[in-house]
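In: Dropping a prediction and its sequence here:
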Amino acid sequence: MDEGRIHVAVRLRPKLPSEMGDADAVAVQGDKLQLLHAPWTRLHTSYQFDRIFTPEASNVDIFEAFLRPAMNSVATGSHATILAYGQTGTGKTHTMLGRDLWGLCAAPERPLVELAHDAGIMYLVAMELLRQHDVVHCSYLELYNDKVFDLLADKGGCLELREDSTLGVHAPDATVVDLVAPEALMEVLWRGAETRAHCATNMNERSSRSHTILQLTLPTGKRLNLVDLAGSEKCKPMAGDGQHVKELKFINQSLSNLGQCISALRKRGKHVPYRNCKLTRLLQHSFEGQAVCSFIVTLNPCATNTMETLSTLQFAARAMQVKVYSNDPRFAPMGSVTPVPHAELQAQVRALQQENAQLREALAIERAQKGKLLLGFTSLLRDVPAAVDRVDTYTQMRRESLPNADGNQPHLPPQDEFILEKLATLERTIQSQLQDIQETKDRLRQPIPSVSCVVSDGTATCERTENQWEEYVDASTGFKYFHNPSTGMTQWKKPV
Ligand SMILES: Nc1ncnc2c1ncn2[C@@H]1O[C@H](COP(=O)(O)OP(=O)(O)OP(=O)(O)O)[C@@H](O)[C@H]1O
C-alpha cells in the first residue's frame with residue numbers, strides 16, 4: 001500500500017429487484033472499470049482504482065482486502081479516516097452500518113460471528129480494535145445542514161468546534177462512550193440511528209439526509225474516523241417541501257466543498273477551502289496530517305444513472321491523486337483526545353539521547369581508525385625512497401658477496417647457483433668469441449700482396465687490382481665495374 005496517498009476502492013452494489021430490467025452502467029475487469037453507454041463524454045470512461053468490489057463482495061471482504069492495512073497503521077501509531085462516498089441509494093449505509101442495522105440491534109442474542117457477517121464496516125473495525133485494546137473511546141457526530149450534532153447526547157444539542165495545536169479540529173463537548181465489547185457499538189449505532197434525521201426521498205426511502213462521523217479513539221490517543229457521507233442527489237422541485245430542498249442544498253454544498261478541497265490538495269494549492277463547511281473542517285487533518293485516508297466509493301449498477309456515476313468516478317480518480325502524509329508536526333496529533341503521557345515522552349527523549357551518544361561514540365572510533373590508517377599510509381609514502389635505497393644497497397651487497405674469498409658461493413640458494421652457473425658459461429662463450437673476433441681483426445690487418453688478373457666466366461671479365469679490388473667487364477653493356485671480395489663492395493667507379 002502506498003503510504004502517502006488517499007486510497008480508493010470502488011464498490012458496485014447489486015441491482016435491486018426494481019432495477020433488474022436496466023442495462024449495466026459499467027463493466028469490471030480486474031482493477032479496471034469501464035463506463036458503458038457514455039460515448040458522448042469527453043471525460044475518461046476507463047478507470048483504475050486500488051480495489052474494485054463487484055456486487056458479490058461482502059462487507060467482510062471489503063474490510064479484509066482493503067481496510068485491514070489502515071487498521072495496522074492505527075496499531076503502529078497513525079490516525080486513520082475511512083469515508084463512504086457515493087450517490088444516494090448506492091450502498092454507503094449498507095457498507096458502513098450493515099445489511100440490516102435494525103434487525104441486528106433487535107436480535108442482540110445472535111452469535112457474534114453471525115452478527116459480523118451482516119454487520120457494516122463500523123462494527124468490523126470496532127471489533128478489530130477491541131481485539132487489540134481493552135477499551136475504545138467512542139463519539140458519534142452528525143453533520144446536518146452544516147451544523148454538528150451529538151448523536152449520543154440525550155438532548156441532541158448543536159456542538160461547537162474548536163481547534164488547537166494538540167487536538168486539531170474537534171468537538172470538545174461531544175459525549176464519549178467507553179466501549180469494552182463490540183456489542184456495545186451496536187447500541188451506539190442504534191442510538192445514533194434513532195436520533196438521525198430521516199426523510200423520504202425519490203430514490204431511497206430510508207435515505208439519510210446528513211453525514212455521520214463515528215470517532216473511535218484508542219488508549220494510545222490514535223483516532224479512527226468512520227464517515228458515512230450523505231449521498232449527492234439532483235435537486236428536484238418538490239411542492240411545499242422547503243426543508244427538503246434546504247437539506248439537499250447543504251448536502252450538495254458540503255460534498256462540493258469536499259471535492260474542491262480534494263482538487264486543491266491534488267494540485268498542491270496554497271489555499272485549501274477547509275473552512276467553508278463543518279464537514280471539511282472536521283476532516284482537515286485526515287487529509288493533511290500524519291494519517292491514513294481511504295475512500296469506499298459506492299456505485300449504482302444501472303445505466304440510467306450514468307451521469308451521476310461518471311461524476312462519482314471523476315471524484316474518486318481525483319481523490320486517488322492526493323498525497324496525505326505530511327511531515328509538518330502541527331498535523332501529527334490530529335484530534336487526539338489523550339495526549340501522550342509526559343513520562344512516556346521523557347522515556348523517548350532518554351532513549352534518543354542514549355542512541356545519540358552511542359552513535360557519536362561509534363563515529364569517534366571510526367574517525368580514529370581512519371586517521372590511523374591515513375597516518376600509516378603517509379609514513380609509508382615517506383619511507384619509499386629510503387626503502388628503494390635499502391633494496392639497492394642489499395642488491396649491491398649480494399653482488400659483491402657472490403665471488404667470495406675461497407671462490408665458492410656457500411650462501412646462495414640453489415636457484416641463484418643455477419643462474420650464476422649459466423651466467424658464467426655465457427661469460428666464457430662471450431670471452432672466447434671476443435678472442436676470435438680479435439684474432440680475425442689482427443689477421444685482416446696484415447698486408448695482402450696485390451694481384452692483377454683477368455677472369456672470364458662468360459658474363460664478365462675480372463682483373464685483380466691493388467688493395468684486393470677486382471675489375472670486371474659487364475658483358476651486356478661492356479662497361480667496367482669493380483668488386484672487393486674482402487669487403488663485399490661492388491661499384492662502377494674505379495677505386496682510388
Ligand atoms: N452490497 C449490497 N448488497 C445488497 N443490497 C445492497 C447493497 N448495497 C446497498 N444495498 C441496498 O440498496 C439500497 C440503498 O442502500 P443504502 O441505503 O445503503 O444507500 P446509501 O448510499 O446509504 O443511500 P443514502 O445516501 O440515500 O443514505 C438499500 O435497500 C440496501 O439494502
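Out: Okay, I see it.
In: mind checking which helix or strand of the protein has the lowest mean pLDDT?
Out: Lowest by mean pLDDT, DSSP states H and E among the helices and strands of the chain is strand 455-456, with a mean of 44.
In: so what's the backbone phi/psi at the closest residue in space to G269 that isn't next to it in sequence?
Out: Nearest residue to G269, sequence neighbours excluded (Cβ to Cβ, 6 or more residues apart in numbering): S263, at 7.9 Å. Any C-beta I mention is one placed from the backbone N, CA and C, and that applies to glycine too. Here is the backbone geometry of S263 (degrees, to the nearest 10): phi -60, psi -40.
In: what do you get for the one 10 residues further on?
Out: Reported as degrees, to the nearest 10, the phi and psi values for P273 are phi -80, psi 60.
In: show me what contacts it?
Out: By Cβ atoms under 8 Å, 6 or more residues apart in numbering, P273 lies in contact with 257, 260-261, 264, 280.
In: from those, which is closest to the ligand?
Out: Looking at the contacts of P273 and their distance to the ligand, the nearest is N257, at 17.4 Å (Cβ to the nearest ligand atom).
In: Does whichever helix or strand that closest one is part of reach the ligand?
Out: Counting by DSSP states H and E, the element that carries N257 is helix 242-266. No: judged by Cβ under 6 Å from any ligand atom, helix 242-266 stays clear of the ligand, getting no closer than 8.9 Å.
In: Check which element follows that helix along the chain.
Out: Per DSSP H and E, the first helix or strand lying C-terminal to helix 242-266 is helix 278-288.
In: list the helices and strands the very next helix or strand once past that following helix packs on?
Out: The helix or strand immediately downstream of helix 278-288 is strand 291-299, counting by DSSP H and E. On a contact count with 3 or more Cβ pairs under 8 Å, 6 or more residues apart in numbering; DSSP states H and E, strand 291-299 meets strand 7-12, helix 68-75, strand 79-86, helix 92-97, helix 278-288, helix 306-319.
In: can you put the ones you listed in CSV and add mean pLDDT, mean neighbour count and distance to the ligand?
Out: Putting those into CSV (pLDDT from 0 to 100; neighbours: other Cβ atoms under 10 Å; distance: least, Cβ to the nearest ligand atom, whole Å) gives the following:
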stretch, mean pLDDT, mean neighbour count, distance to the ligand
strand 7-12, 93, 24, 7
helix 68-75, 80, 18, 19
strand 79-86, 90, 26, 5
helix 92-97, 90, 24, 3
helix 278-288, 84, 24, 14
helix 306-319, 87, 20, 11
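In: Next, count neighbours for E247.
Out: The tally of other residues near E247 (other Cβ atoms under 10 Å) stands at 21.
In: looking at it, V8 is touching V322, isn't it?
Out: No: in this structure, V8 is not within contact of V322 by Cβ atoms under 8 Å, at 9.7 Å.
In: Touching both of these two, which residues are there?
Out: Common neighbours of V8 and V322 (Cβ under 8 Å, 6+ apart) do not exist.
In: so the residue nearest to G269 touches F315, yeah?
Out: No: with contact defined as Cβ under 8 Å, S263 does not reach F315; the gap is 9.3 Å.
In: tell me the contacts of Q87?
Out: Q87 sits next to 231-233, 298-300, 305, 308-309, 312 when contact means Cβ under 8 Å, 6+ apart.
In: quick check, nearest of these to E355?
Out: The closest of the contacts of Q87 to E355 turns out to be T298 (Cβ to Cβ; 47.2 Å).
In: what is the closest one paired to in the beta sheet?
Out: Per DSSP bridges, the residues bridged to T298 are R11, G86.
In: so is P55 in a helix, a strand, or just coil?
Out: Assigned with DSSP: H, G, I helix; E, B strand; the rest coil, P55 falls in the coil class.
In: For A364, give its distance to the ligand.
Out: With the distance defined as Cβ to the nearest ligand atom, to the nearest Å, A364 ends up 63 Å from the ligand.
In: What of A65?
Out: A65 sits at a distance of 15 Å from the ligand (criterion: Cβ to the nearest ligand atom).
In: do the same with T395
Out: From T395 over to the ligand the distance is 95 Å, taken as Cβ to the nearest ligand atom.
In: G259: what's it in contact with?
Out: Contacts of G259 by Cβ under 8 Å, 6+ apart are 315, 318.
In: wouldn't A65 be in contact with R51 here?
Out: Yes: with contact defined as Cβ under 8 Å, A65 reaches R51; the gap is 6.1 Å.
In: what about these two, which has more around it?
Out: R51 (18 against 14).
In: Find me the pLDDT at the more buried one, would you?
Out: For R51, the pLDDT comes out at 92.
In: So what sits opposite L159 in the bridge?
Out: In this structure, L159 bridges to V148 when assessed by DSSP bridges.
In: mind checking pLDDT for it?
Out: Listed pLDDT for L159 reads 91.
In: What is the neighbour count of it?
Out: Neighbourhood size, L159 [other Cβ under 10 Å]: 22.
In: rewinding a little: where's the residue nearest to G269 relative to the ligand, distance?
Out: Separation of S263 from the ligand (Cβ to the nearest ligand atom) stands at 22 Å.
In: L226: what secondary structure?
Out: L226, by the three-state scheme (three-state DSSP), is strand.
In: got a list of what it touches?
Out: Applying Cβ under 8 Å, 6+ apart, the residues near L226 are 81-82, 96, 121-122, 125, 213-216.
In: How about it, nearest residue that isn't a chain neighbour?
Out: Per Cβ to Cβ, 6+ apart, closest to L226 is L214, 4.3 Å.
In: hang on, the one you found in a helix?
Out: No: assignment of L214 by three-state DSSP gives strand, placing it outside any helix.
In: wait, isn't it in contact with V136?
Out: No: using Cβ under 8 Å, L214 makes no contact with V136, being 10.8 Å away.
In: For the two, indicate the residue with more neighbours.
Out: L214 (26 against 22).
In: how far away is that one from L152?
Out: Using Cβ to Cβ, to the nearest Å, one gets 10 Å for the distance from L214 to L152.
In: any chance you could map the helices in the chain?
Out: For the chain, the helices defined by DSSP state H occupy 59-62, 68-75, 92-97, 101-106, 112-118, 121-132, 182-195, 242-266, 278-288, 306-319, 342-401, 414-445.
In: So which elements touch the last one?
Out: It refers to helix 414-445. The helices and strands touching helix 414-445, judged by 3+ Cβ pairs under 8 Å, 6+ apart, number zero.
In: Also the shortest one?
Out: With contacts defined as 3+ Cβ pairs under 8 Å, 6+ apart, the secondary structure elements packing on helix 59-62 are helix 92-97, helix 121-132.
In: and it, how far from the chain's centre?
Out: Mean C-alpha position of helix 59-62 versus that of the full chain (Cα atoms, centre = their mean, to the nearest Å) differs by 28 Å.
In: So for it, what gets flagged as buried?
Out: For helix 59-62, the neighbour count (16 or more other Cβ atoms under 10 Å) marks 59, 62 as buried.
In: measure the nearest residue to A57 once chain neighbours are set aside to M96 for me?
Out: Spatially, and ignoring its direct neighbours in sequence, A57 is nearest to R11 (6.8 Å; Cβ to Cβ, 6+ apart). Going from R11 to M96 by Cβ to Cβ gives 11 Å.
In: who touches N145 in this structure?
Out: Going by Cβ under 8 Å, 6+ apart, N145 touches 210, 246-247, 250.
In: Which PyMOL command selects the buried ones in those?
Out: Typed into PyMOL, the line below selects the buried ones among those, using 16+ other Cβ under 10 Å:
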select buried, resi 210+247+250
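In: Quick check: the farthest pair among the contacts of N145?
Out: Pairwise distances across these (Cβ to Cβ) peak at 12.3 Å, for the pair S210 and K246.
In: Thanks a lot, see you next time.
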